[in-house]
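Enquirer: sequence plus predicted model, see below.
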Amino acid sequence: MTLGGTVPTDRASRTDWVAVAAELAPAFAARAAAHDVDDRFVFENYAELRRRRMFSAAVPAELGGGGASHAEMCDVLRTLAHGCSSTALALSMHTHQVLIPAWRWRHERAPVEGLLRRLAADELILASSGGSDWLAGSGRADKVDDGYRVTARKIFASGSPAADLFSTMAVYDDPMDGPTVIHFVIPLDTPGVTVHDNWRTLGMRATGSNDVTLDKVFVPDAAVGVRRPSGRWSHAWHVVATTALPIIYSVYVGVAEAARDVTVREAARRRDDHAVQELVGAMDTELAAARLAWRSMVEAANRGRVGPDITNEVMIGRTLVGHSVLRTVETAMEAAGGAAFFRSAGLERLFRDAQGARYHALRGAAQRRFAGRLALGVDIDG
């Protein structure tokens with residue numbers, strides 16, 4: 001495994017990142033229950049990920065990173081989720097923020113090489129707030145000399161206790177173009193930035209997804225990577241949606257797989273019970289559906305193009321994966337019997353962690369409306 005410098009690009013010598021994830025997962029699993037009980041961020045796991053250069057795995061090899069593809073990182077996150085759901089989900093939020101500029105560098109020749117090289121050279125960690133902002137964005141950006149002053153409160157900043165950089169957005173009321181969302185990356189120690197300690201939740205308790213406030217924070221023009229219209233789909237946002245959602249839902253597939261493994265172990269003592277056999281079969285059927293839908297998301301995201309049709313495929317997959325993951329863990333709780341109710345089995349934690357699959361965009365009616373408008377030839381921004 002290459003730990004520093006330029007990562008070789010030939011297949012024989014490059015790092016097998018899925019194998020690295022499989023190697024790390026058992027130690028993460030051993031710490032998962034304690035992190036969950038204490039609402040404690042996974043600092044130890046992040047230190048291991050940094051030591052193994054996992055935070056730069058998705059940076060192109062040509063720019064000094066690990067050269068992992070989008071599809072490979074999906075498998076990495078799914079594998080890590082078998083060990084610790086929270087570590088995998090927090091890492092997914094960093095990873096998609098690396099893969100987005102990597103995609104733009106490869107497909108659009110976007111001026112993001114400096115950021116990607118810096119991420120690889122210093123193994124920097126990103127926290128983001130994009131999922132809580134979505135199309136409209138949030139926060140206020142006022143134009144000043146050489147940049148903006150931003151005031152905002154951002155939620156769901158996963159990985160924020162250990163992050164170096166913050167990737168977020170704010171809305172600038174452009175006198176010519178109207179409300180415009182600016183996307184920017186700034187150091188988390190920038191004056192006026194505060195990371196709060198307020199992540200207390202049902203599941204995914206160790207992701208450190210705290211609120212972050214920005215109080216008249218100066219954002220230089222050079223830190224702004226994307227400008228797009230507020231509240232409307234745009235090319236830039238199709239890149240974000242197509243890249244991010246398969247990465248995030250890879251984690252939930254891994255959580256469902258881990259729950260399945262615990263259930264089979266617990267249910268084996270009642271293997272001759274016909275009711276148990278049916279429940280385990282139902283669980284495996286739901287898990288198969290989740291995997292099929294997840295693979296469709298990953299395949300759509302890796303066609304090398306973006307647009308409403310690709311976003312629609314990804315978002316339909318997101319709904320199907322989420323539904324089947326939740327049905328998998330619900331059935332797992334029933335199939336495992338009373339043992340599932342005890343924390344010692346680990347299944348109730350996986351059940352709680354899986355509930356996060358409900359909350360990522362596009363949810364419910366919004367996803368169905370997007371799909372319906374596209375099918376009917378109606379403006380998707382209507």
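Expert: Nice, thanks for sending it over. Remember, predicted model here, so these are calculated numbers, not experimental data.

Enquirer: longest helix in this protein, please.
Expert: Counting residues, the longest helix found in the chain (DSSP state H) is helix 235-267.

Enquirer: which outside residues touch the lowest-mean-pLDDT helix or strand in the chain?
Expert: When the helices and strands of the chain are scored by mean pLDDT, DSSP states H and E, helix 130-133 comes last with a mean of 78. Under the contact criterion CB atoms under 8 Å, 6 or more residues apart in numbering, helix 130-133 has outside partners 93, 97, 138, 154-156, 167-169, 181, 240, 244, 248, 360-361. Every residue, glycine included, has its C-beta placed from N, CA and C.

Enquirer: gap between that helix and the chain center?
Expert: 11 Å (CA atoms, centre = their mean, to the nearest Å).

Enquirer: dump the C-alpha coordinates for that helix into PDB.
Expert: Provided in PDB are the C-alpha atoms of helix 130-133 (Å, rounded to 0.1, in the frame of the first residue of the first chain):
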ATOM      1  CA  GLY A 130     -25.300  20.300   1.400                       C
ATOM      2  CA  GLY A 131     -28.000  17.800   2.300                       C
ATOM      3  CA  SER A 132     -29.700  20.200   4.700                       C
ATOM      4  CA  ASP A 133     -29.500  23.100   2.200                       C
END
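
Enquirer: follow-up on the earlier one: from the contacts of helix 130-133, which two are the most distant?
Expert: Using CB to CB, the contacts of helix 130-133 reach their maximum pairwise distance at 181 and 248, which is 20.4 Å.

Enquirer: show me what contacts the closest residue to residue 125 other than its chain neighbours?
Expert: Excluding the flanking residues, the one nearest residue 125 by CB to CB, 6 or more residues apart in numbering is residue 163, at 4.7 Å. Contact partners of residue 163, counting by CB under 8 Å, 6+ apart, are 94, 125-127, 157, 188.

Enquirer: what helices and strands are in contact with the longest helix of the chain?
Expert: Here helix 235-267 touches helix 70-81, helix 85-108, helix 130-133, strand 224-229, helix 274-301, helix 308-336, helix 347-354, going by 3 or more CB pairs under 8 Å, 6 or more residues apart in numbering; DSSP states H and E.

Enquirer: what about residue 30, how many neighbours?
Expert: Residue 30 is flanked by 11 other residues according to other CB atoms under 10 Å.

Enquirer: ramachandran angles for residue 188?
Expert: Note on residue 188: backbone dihedrals following degrees, to the nearest 10 are phi -70, psi -10.

Enquirer: burial check on it, number of neighbours?
Expert: Using other CB under 10 Å, the number of residues around residue 188 comes to 19.

Enquirer: could you check the pLDDT of it?
Expert: Note on residue 188: pLDDT of 97.

Enquirer: same deal with the one 4 residues further on?
Expert: Residue 192 carries a pLDDT score of 98 in this model.

Enquirer: got the contact list for the closest residue in space to it that isn't next to it in sequence?
Expert: Spatial nearest neighbour of residue 192, chain neighbours left out: residue 217 (4.0 Å); criterion: CB to CB, 6+ apart. With contact set as CB under 8 Å, 6+ apart, residue 217 has these partners: 149-151, 186, 190-193.

Enquirer: any of those buried? List them.
Expert: In those, burial by neighbour count holds for 149-150, 186, 193, counting by 16 or more other CB atoms under 10 Å.

Enquirer: just the ones of those in helices?
Expert: Using DSSP H, none of these sit in helices.

Enquirer: can you list those in CSV and add distance to residue 88?
Expert: Output for these, formatted as CSV (distance: CB to CB, whole Å):
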residue, distance to residue 88
149, 36
150, 30
186, 26
193, 26
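
Enquirer: of the residues you listed, closest to residue 20?
Expert: residue 186 (29.7 Å).

Enquirer: pull the distance from whichever strand or helix holds residue 213 to the chain's centre.
Expert: Assigned by DSSP states H and E, residue 213 belongs to strand 210-220. Taking the mean of its C-alpha atoms, strand 210-220 sits 22 Å from the chain's own mean (CA atoms, centre = their mean).

Enquirer: just the CA trace of that strand, in CSV.
Expert: Extracted C-alpha coordinates of strand 210-220, given in CSV (Å, rounded to 0.1, in the frame of the first residue of the first chain):
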residue,chain,number,x,y,z
ASN,A,210,-23.3,19.0,14.7
ASP,A,211,-24.6,22.4,13.8
VAL,A,212,-22.1,24.9,12.5
THR,A,213,-22.7,28.7,12.7
LEU,A,214,-21.1,31.3,10.5
ASP,A,215,-21.1,34.9,12.0
LYS,A,216,-20.2,37.4,9.3
VAL,A,217,-17.5,35.0,8.1
PHE,A,218,-15.3,36.4,5.3
VAL,A,219,-15.4,34.1,2.2
PRO,A,220,-12.9,35.2,-0.4
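
Enquirer: not counting its own residues, what contacts stretch 364-382?
Expert: With CB under 8 Å, 6+ apart, stretch 364-382 has contacts from 231-233, 308-309, 311-312, 315-316, 318-319, 362.

Enquirer: can you give me the buried ones in that stretch?
Expert: So stretch 364-382, judged by 16+ other CB under 10 Å, has buried residues 367, 370-371, 373-374.

Enquirer: same deal with stretch 47-61?
Expert: The neighbour-count check on stretch 47-61 (16+ other CB under 10 Å) flags 48-49, 52-61 as buried.

Enquirer: give me the contact list for that stretch.
Expert: By CB under 8 Å, 6+ apart, stretch 47-61 touches 1-4, 6-9, 14-15, 17, 20-21, 24, 27-28, 64-68, 70, 73, 76, 87, 91, 94-95, 98-99, 102, 105-106, 116-117, 119-120, 123-125.

Enquirer: recalculate using a threshold of 6 Å.
Expert: For stretch 47-61, contacts defined as CB atoms under 6 Å, 6 or more residues apart in numbering pick out 7, 9, 17, 20, 24, 65-68, 73, 95, 98-99, 102, 116, 119-120, 123, 125.
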